[in-house]
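Colleague: Build me a model:
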Amino acid sequence: MEDSSCPMVPSRSNTDMYKLNKELERVIEDVEDISVQLTWMAYDMVTLRTGFEGEACMRELQEAYRRCRAAVFGETATKHK
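Modeller: Residues are numbered from 1 along each chain as shown. As a prediction, this is how the structure comes out:
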């Protein structure tokens with residue numbers, strides 16, 4: 001007597017499995033591309049929201065770093081940037 005709870009699964013040929021594998025790879029690549037695009041969009045949104053404040057803060061940090069380096073290593077440190 002056959003077990004009716006377990007449906008018959010048709011066997012797939014190697015070419016069918018190859019096609020499915022290729023299709024899966026293509027879908028994964030598409031999803032990766034979308035993920036990269038979303039990451040860049042999020043980055044752009046953050047930079048737009050911070051505007052010039054972030055840029056000004058970075059300049060202040062760079063200047064503070066130069067002053068600190070000059071104080072620790074002497075005036076020659078500012079010439080080497």
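Colleague: isn't Gly54 right up against Thr47?
Modeller: Yes - between Gly54 and Thr47 there is a contact under Cβ atoms under 8 Å: 7.1 Å. C-beta here means a position set from N, CA and C on the backbone, and glycine is covered the same way.
Colleague: Quick one: the helices in this structure, in order.
Modeller: For the chain, applying DSSP state H gives helices covering 14-73, 76-80.
Colleague: Where does the prediction get shaky in this structure?
Modeller: 1-11, 51-52, 76-81 (pLDDT under 70).
Colleague: And Leu48, how close does it get to Ala42?
Modeller: Relative to Ala42, Leu48 is positioned 11 Å away (Cβ to Cβ, to the nearest Å).
Colleague: for Asn21, same thing?
Modeller: From Asn21 to Ala42 the distance is 32 Å (Cβ to Cβ).
Colleague: One more: Glu53?
Modeller: 18 Å.
Colleague: Kindly report the same for Arg26.
Modeller: Here Arg26 is placed at a distance of 25 Å from Ala42 (Cβ to Cβ).
Colleague: Arg66 - how many residues pack around it?
Modeller: 13 (other Cβ atoms under 10 Å).
Colleague: do the same with the one 4 residues further on
Modeller: Burial of Ala70, expressed as a neighbour count using other Cβ under 10 Å, amounts to 14.
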